[in-house]
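[1] only geometry, no sequence info:
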């Protein structure tokens with residue numbers, strides 16, 4: 001006898017944090033249409049097939065690398081504001097890909113720009129999720145000196161997400177004890193504790209984001225988002241990438 005019952009997902013609500021560079025595809029800069037469309041299909045699959053609420057916090061590194069990519073002598077706050085606008089461009093592009101494939105989507109920004117997107121309001125974001133919409137959070141926290149990693153951790157706590165899924169690129173498929181791109185003998189962790197990540201400076205996310213997730217018991221899954229099907233495999237309970245949690 002067959003059954004139409006959907007698989008039970010590991011978490012019913014997630015915050016997905018794709019890197020901005022991954023949205024650029026092979027070039028690493030700007031936006032790549034096929035990459036956006038493939039990502040949109042994966043998001044729609046977990047939304048519809050697994051009935052998972054999906055919120056997304058996008059990075060902006062494909063347009064601007066914060067102060068490390070700023071013009072010589074540029075004010076740090078000004079540089080961070082430019083980076084926030086980069087995340088808005090990524091959010092709008094991803095929204096377009098999702099909606100062309102039939103998925104209702106809302107973009108909410110931490111900086112008010114009413115002609116482009118909604119302002120971030122927690123209750124409204126949760127209501128959108130309850131109605132089956134994908135919500136994309138842009139412009140980080142709206143404040144300089146805070147990364148989009150920290151924004152993702154903050155939003156995950158605010159909307160009571162079960163986990164934060166951080167998508168990497170360039171073949172890095174989890175948390176290693178050293179950079180696998182530089183050290184062929186680097187060891188990958190299947191799971192690791194928050195404190196170990198911070199004390200060993202394993203560079204999963206910035207320290208503020210890690211500490212915030214620890215304090216709110218939000219597990220973090222670090223995985224290669226360019227590997228097809230990774231998002232659904234994680235939610236179906238497969239061991240993909242590295243999970244950072246209390247151990």
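    Ah, there it is. Predicted model, so just to flag it, every value in this text is computed and none were measured. Numbers count the residues shown, from 1 in each chain.
[2] what ranges of the protein fall below the confidence cut-off?
    Scanning the chain for pLDDT under 70 picks out 1-6, 66-72.
[3] the residue nearest the centre of it: which element?
    The residue lying closest to the centre of the chain (CA atoms, centre = their mean) is residue 17, at 0.3 Å. Residue 17 belongs to strand 13-18 when assigned by DSSP states H and E.
[4] go on, residue 45?
    Assigning secondary structure by DSSP H and E places residue 45 in helix 33-48.
[5] residue 139 and residue 111 touch, don't they?
    Yes: counting by CB atoms under 8 Å, residue 139 touches residue 111, with 4.5 Å between them. All C-beta spots, glycine's among them, are computed from the backbone N, C-alpha and C.
[6] any buried residues in the helix holding residue 45, and which?
    Across helix 33-48, burial judged by 16 or more other CB atoms under 10 Å covers 35-36, 38-40, 42-44, 46-47.
[7] quick check: buried residues in the lengthiest helix in the chain?
    Taking DSSP state H as the criterion, the chain has its longest helix at helix 76-100. By neighbour count on 16+ other CB under 10 Å, the buried set for helix 76-100 is 79-95, 97-98.
[8] hey, where'd the helices end up in this structure?
    Counting by DSSP H, the helices of the chain are 33-48, 76-100, 122-130, 148-158, 194-199, 207-215, 230-235.
[9] so which of these is nearest residue 187?
    Residue 187 lies closest to helix 194-199 among those, at 12.7 Å (CB to CB).
[10] and for the closest one, what's in contact with it?
    If you take CB atoms under 8 Å, 6 or more residues apart in numbering as the criterion, helix 194-199 is touched by 175, 202, 204, 207, 210-211, 213-214, 244-247.
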